[in-house]
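Chemist: sharing a model prediction with you, sequence too.
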Amino acid sequence: MAGKFEEVLEKAGGIGRRQLAIFAAINLTDFVTAWTIMLPVFTGMIPHWTCPVTGHNLNLTYSTNRINGTSTVGIYNITMADGNSSLVQRDVCQKNATFGICDGIQYVSDFTSVVTEWNLICDLDEISDLITTIQMIGIVFGAFLISHLADMFGRKKVWISVVTLNSMVGFANAFSPYWEMFAAMRFFNGMASGGLLILSFIWPLEFIGTKYRSICGAVSFWQIGTMCLALLAYFVRDWRTLVMVTSLFPGVLFWILYRFLPESPRWLAMNNRLEEAMAILEAIAKTNKKPLPDKDVLQKAVEEDKNIEEKLKKYNFSDLFRTPTSTLHTLVLMFVWFVCTSSYYGLSLNVKHMPGDIYVTTVLLGLVEWPAVLSTTCLNNV
């Protein structure tokens, strides 16, 4: 149900050039958030590798060898007639067999990744996926925390603060000396991304009239961001350089946009900053060639909305499970969100484990989302 403030916004013009420009600028957040979240696809790429093996004992039992203090590699050994052997194995980690000690891993690839940096193969081959999991946990925390901060301190200030945090942490992460440090900092990148996903959805829609919100809400630059990341990663094959580029560019871009983006007029009005809210509404009305809204009308609308919010404060999360019907609806929606999110990220973030060219596959994953976006826009109006 639309509030009284939304009625004032509709009178100023539900949608217009200024609102669309603001919407597009803020929605660029999705473009670069896709870079942050999808980055492990390329920083965690697993190359082919070889391991020269030298053995001198046919009866050598299973043992392990630390390569550069990181990963343990075991390789089958073939003993020659003279008792010595030399063998090169490719992408093989064998256990429970006689083998020679690996003399040094050699990666066969035209790119670098955290896998090649810290030899995350064999007994450490799950670390790359663990780093991604830590990032996703950060997204959950960030979505809750940052959305709450945006309600307290405003969309614009929190947005630029989180963008700055994401850029600084990301840039610093490019210099991580250990995978443990890299993983810890990806948690904070995840937190920032989780908050930005919420802000980039709520903030621009607060400039749009209720009639057009379902259409605008279905529009996202995420798909374009995913495809552009694949293109960028194709040309930037060093993982540290890729992390720096995907961290610095958003920070610079959004600090430029920050000067021109207004605070949410609804948030301003609901926090008793009516003069600032009126200035934004007047600019919108002028662009849309609509009559300027009256300050007294706005103040009355805000007071009515506040009264409604006060009545709603007596409800909390537990009320979703108060009746059998509401419990069923809540559980069904939670299940649907869980399945959709798990399926989407499960496929998208595991591209590196799929056959085929990783860059082409990532671009295709971005492309196939467009039919879903367009169909959602149409179905919302059915």
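Modeler: Okay, I see it.
Chemist: all strands for the stretch 1-150 of the chain, in order.
Modeler: In the stretch 1-150 of the chain, the strands defined using DSSP state E, counting those that start in this stretch lie at 48-55, 66-67, 71-72, 75-76, 85-90, 99-102, 106-108.
Chemist: give the rounded mean pLDDT of the second one.
Modeler: Spelled out, that is strand 66-67. The average pLDDT within strand 66-67 is 40.
Chemist: does K286 really touch L292, like I thought?
Modeler: Yes. Contact criterion Cβ atoms under 8 Å: K286 and L292 qualify, at 7.5 Å. For glycine as for every other residue, the C-beta is placed from the backbone atoms N, C-alpha and C.
Chemist: which neighbours do these two have in common?
Modeler: Counting by Cβ atoms under 8 Å, 6 or more residues apart in numbering, no residue touches both K286 and L292.
Chemist: shaky segments in the stretch 51-200 of the chain?
Modeler: For the stretch 51-200 of the chain, the stretches with pLDDT under 70 are 52-104.
Chemist: which parts of it are helices?
Modeler: 114-118, 127-153, 155-173, 179-205 (DSSP state H, counting those that start in this stretch).
Chemist: would CSV of the ones you listed with mean neighbour count be doable?
Modeler: Output for the helices of the stretch 51-200 of the chain, formatted as CSV (neighbours: other Cβ atoms under 10 Å):
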stretch, mean neighbour count
helix 114-118, 21
helix 127-153, 18
helix 155-173, 20
helix 179-205, 22
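Chemist: now those in JSON lines, with distance to I280?
Modeler: Listed next are those as JSON lines, based on distance: least, Cβ to Cβ, whole Å:
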{"stretch": "helix 114-118", "distance to I280": "45"}
{"stretch": "helix 127-153", "distance to I280": "17"}
{"stretch": "helix 155-173", "distance to I280": "11"}
{"stretch": "helix 179-205", "distance to I280": "13"}
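Chemist: not counting sequence-adjacent ones, nearest residue to V297?
Modeler: The shortest distance from V297 to any non-neighbouring residue, by Cβ to Cβ, 6 or more residues apart in numbering, is to V8 (6.2 Å).
Chemist: can I assume that neighbour is in contact with A301?
Modeler: Yes. If you go by Cβ under 8 Å, V8 and A301 touch, sitting 5.1 Å apart.
Chemist: neighbour-wise, which of those two wins?
Modeler: V8 (23 against 19; other Cβ atoms under 10 Å).
Chemist: show me what contacts that one?
Modeler: 281, 293, 297-298, 301 are the contacts of V8 under Cβ under 8 Å, 6+ apart.
Chemist: top of the residues you listed by number of neighbours, please.
Modeler: L281 (27 neighbours).
Chemist: ok, that one touching A301?
Modeler: No. Contact criterion Cβ under 8 Å: L281 and A301 do not qualify, at 10.9 Å.
Chemist: the host helix or strand of A285: which residues count as buried?
Modeler: For A285, the host element (DSSP states H and E) is helix 274-287. Judged by neighbour count (16 or more other Cβ atoms under 10 Å), helix 274-287 contains these buried residues: 274, 277-278, 280-281, 284-285, 287.
Chemist: next, format those as CSV and append distance to I134 and pLDDT.
Modeler: Shown next, in CSV, are the buried residues of helix 274-287 (distance: Cβ to Cβ, whole Å; pLDDT from 0 to 100):
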residue, distance to I134, pLDDT
L274, 44, 85
A277, 40, 87
M278, 45, 87
I280, 39, 89
L281, 43, 87
I284, 42, 89
A285, 47, 88
T287, 45, 88
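Chemist: ok, of the residues you listed, which one's closest to R266?
Modeler: Of all those, R266 sits closest to A277, with 7.6 Å by Cβ to Cβ.
Chemist: mind listing what that closest one touches?
Modeler: 265-266, 268-269, 298.
Chemist: repeat that for I202.
Modeler: 147, 150, 155.
Chemist: also V108?
Modeler: 47-50, 90.
Chemist: ok, it to D238 distance?
Modeler: 16 Å (Cβ to Cβ, to the nearest Å).
Chemist: go on, L9?
Modeler: In terms of Cβ to Cβ, L9 sits 48 Å off from D238.
Chemist: now swap in D110 and tell me
Modeler: 10 Å.
Chemist: same deal with I137?
Modeler: On the measure of Cβ to Cβ, I137 and D238 end up 27 Å apart.
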